[in-house]
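# just coords:
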């Protein structure tokens, strides 16, 4: 006797009737709603910022600005936004250049060599997360002044320590999933140590390296208190302009110009990293 | 304590560290560097040529920033001094840098000039952070009245040649005439108005600067006038006078914005509430900004300065030179230019900044007086003579901190 299997469509209909797909469909709706809610949640706060950017006059109770213009951009320029931008970029890139390789070395040591007192050492590396930058800046500043350290050097030194927990953690996770077999394979095939590092090790870690570098960049890019106290006002960066403008009334339009432009460099970095990763994956597949 | 969140943690920490440093310094006050001495003004201006002076000042007032960049910087450049402005969110940031430098024994510090007054000046003086004995050298000091109490005492701390006067200010309460039909005429009436109009009035929580001023203003009012409050702190006067103060403030609290369960954290937050029409009053120790805020539409067009029967508190702000500065001569030259009749008049122009001058009309010659007479009047802020009528002198810095703490205990403690 032949067994009659229901046609696929039949079975699906059957399943729907039985309620087998109901939860999945609900789930799909739920996911859609969640995505929508998240999008609104992330973008809604940016909307007034975008409106303020071009608001020449926006008085209560107007829902939209009453006058539009580029006055706020000119104000931001008059307060020295362009040189401040350049200085911020310099600080952020320097912090990134110091903290990323340091984090790489620390992560490697933690992952592969299990140093003596690993617990204590990792607590030490992560300590900056618990210690407010103000306390560190204030305490170290006296020492730096006695040593006559150049301000830029002091800023990068302190901020790199503050970026270290992020870079170390990100790269430690990457090393946790790292397969040493690839390196052995390459060595067996006759690659030199240097070649293994440049063609196997670093490419495998590239996504994590980029994430770590990005986080270090953000630490330098967003700092106020260390730049001001240790820098002694020699470096008026974007956060300094933003903080002092935010301490006043009626600066909303200029603040939005500064804030929106301050989001751009990290955003560009993030997009660049995403595109780079995708392209690499594309090449591989 | 949950109320701690209502104050900026950073500021709190800054104040704590600052106090700690001062305590440490006074234990070994001999370590503080002393000011370089000059014989006469010619020597100062000679040495100043070619120096770069970093002026650290609150940067939240764009008109102030623009005045420095467009007027004071070029005037300083004319006599060979390069002036650079360092904007800070709070003068305490500048103080922290100076105190670090004092502790490190720096002689070529990064702060050459600070816009300062009140407790920041007092703290710095206690720590030996200021260069003293130089303001009498400034030729333009002759334009100020020597016995002007606002210029000889800074919140109870004797100035003693340690800072040069720059601006005068008057505590000002403003209201929106479009919504307040019959404006109150005194602080007592203002509190009454608040009780009758629930949710339409509030003040920033002390120890915010503005909230703290308002508390002192209420103290003067409930004490039957400023004459009854001794300027120097006195424990028994505190015990006598403050019960009435905190009673008055507790009584009005349930009628404040959000039933007084929360207060604006800063003067700027209160300003934002006023700008958004959530309350009908705001208050400031810097009425200079009002003209622009009304003109650019931040504040409602019918913003009006409240005339208060008992007068309001007045103060002066100064330019101080840290003892650690390596460009003291340059800094003195800038302070002198800032005190000139020309700069004081420019700065008083409401289209430029609108800060009240510290120079005295009787001490100006005819040409200099004309500079001030030619100034347009502000559409919002009355003239200084009007605003400072019956001006109340500021209480000593010790009063300020005691009242701030008392307010926290009495108004927030019960919650």
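Nice, thanks for sending it over. A quick note: this is a predicted structure, and the numbers were derived from the prediction, not measured.
# Can you give me the neighbour number for residue A:164?
Neighbourhood size, residue A:164 [other CB atoms under 10 Å in any protein chain shown]: 26. For every residue, glycine as well, the C-beta is placed using N, CA and C.
# wait, it sits on residue A:100?
No - here residue A:164 does not reach residue A:100: they are 9.7 Å apart, not a contact under CB atoms under 8 Å.
# how does the chain divide up, domain by domain?
Went with chain A since none was named. A:8-68, A:79-247 (automatic domain parsing).
# wait, I meant chain B there
For chain B, automatic domain parsing gives the domain ranges B:10-167+B:316-375, B:172-312+B:394-412.
# Looking at stretch B:67-82 now, give me its mean pLDDT.
Stretch B:67-82 shows a mean pLDDT of 97.
# That stretch and chain A, any residue contact?
Yes - where contact is defined by CB under 8 Å from any CB of the partner chain, part of stretch B:67-82 touches chain A, namely residue B:69.
# repeat for stretch B:46-64
Yes - Stretch B:46-64 lies within reach of chain A by CB under 8 Å from any CB, at B:54, B:56, B:58, B:59, B:60, B:61, B:62.
# taking these one by one, which sit in strands?
B:54, B:56, B:58 (DSSP state E).
# Can you flag the buried ones in those residues?
Taking 16 or more other CB atoms under 10 Å in any protein chain shown as the criterion, what is buried in these is B:54, B:56, B:58.
# Show me what the first one is bridged to.
With DSSP bridges applied, residue B:54 shows beta-bridge pairing to residue B:84.
# In contact with it, which residues?
Residue B:54 makes contacts with A:233, B:84, B:86, B:110, B:111, B:112, B:113, B:327, as judged by CB atoms under 8 Å, 6 or more residues apart in numbering or on different chains.
# ok, now the last one?
Taking CB under 8 Å, 6+ apart as the contact definition, residue B:58 lies against A:244, A:247, A:248, B:64, B:87, B:88, B:89, B:90, B:91, B:115.
# For the stretch 51-200 of chain A, just list every one of the strands.
Here the stretch 51-200 of chain A has its strands, by DSSP state E, counting those that start in this stretch, at A:55-57, A:67-68.
# could you give the mean pLDDT of the shortest one?
Translated: strand A:67-68. 88.
# Give me the distance between the residue nearest the centre of chain A and chain B.
Chain A has residue A:215 as the residue nearest its centroid, 4.1 Å off, counting by CA atoms, centre = their mean. Using CB to the nearest CB, to the nearest Å, one obtains 22 Å as the distance from residue A:215 to chain B.
# One more: residue A:156?
17 Å.
# Next to chain B, which bits of the stretch 51-200 of chain A? Give me the list.
Counting by CB under 8 Å from any CB, the stretch 51-200 of chain A sits next to chain B at A:57-61, A:66, A:75, A:78-79, A:132, A:134-135, A:138, A:141-143, A:145-146, A:151.
# and the longest helix along chain A, average pLDDT?
Identified as the longest helix of chain A according to DSSP state H is helix A:252-284. The average pLDDT for helix A:252-284 rounds to 84.
# same for it, what does it pack against?
On a contact count with 3 or more CB pairs under 8 Å, 6 or more residues apart in numbering or on different chains; DSSP states H and E, helix A:252-284 meets helix A:46-53, strand A:55-57, helix A:71-78, helix A:81-108, helix A:202-221, helix A:238-246.
# Could you save these as CSV and add columns showing mean pLDDT?
Output for these, formatted as CSV (pLDDT from 0 to 100):
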stretch, mean pLDDT
helix A:46-53, 88
strand A:55-57, 86
helix A:71-78, 89
helix A:81-108, 95
helix A:202-221, 93
helix A:238-246, 93
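# With respect to burial, which of these scores highest?
helix A:238-246 (a mean of 23; mean count of other CB atoms under 10 Å in any protein chain shown).
# What angle do helix A:71-78 and that one make with each other?
120 degrees (axes from the mean of the first three to the mean of the last three CA atoms, to 10 degrees).
# how far off helix A:202-221 does helix A:238-246 point, in degrees?
Going by the same axes, to 10 degrees, helix A:238-246 makes 30 degrees with helix A:202-221.
# List of residues touching helix A:238-246?
A:76, A:79-81, A:84-85, A:88, A:221-224, A:227-228, A:251, A:254-255, A:258-259, A:261-262, B:58-60, B:62, B:87-89.
# Over to stretch B:262-280?
By CB under 8 Å, 6+ apart, the residues outside stretch B:262-280 that reach it are A:59-61, A:247-250, B:6-8, B:60, B:174-176, B:179-180, B:197, B:199-205, B:208-211, B:256-257, B:281-285, B:293, B:298-300.
# if we can go back for a sec, distance to residue B:168 added to the domains of chain A, as a markdown table?
Output for the domains of chain A, formatted as a markdown table (distance: least, CB to CB, whole Å):
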| stretch | distance to residue B:168 |
| --- | --- |
| domain A:8-68 | 30 |
| domain A:79-247 | 22 |
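# hey, which of these is tucked in deepest?
For these, the highest mean count by mean count of other CB under 10 Å goes to domain A:79-247, at a mean of 19.
# ok, residue A:162 - contacts?
A:128, A:133, A:136, A:219, A:223, A:226.
# Could you check how far the first one is from residue A:147?
Here the distance between residue A:128 and residue A:147 works out to 21 Å (CB to CB, to the nearest Å).
# Regarding residue B:392, what are the backbone dihedral angles?
Backbone torsions of residue B:392, given as degrees, to the nearest 10, read phi -90, psi 130.
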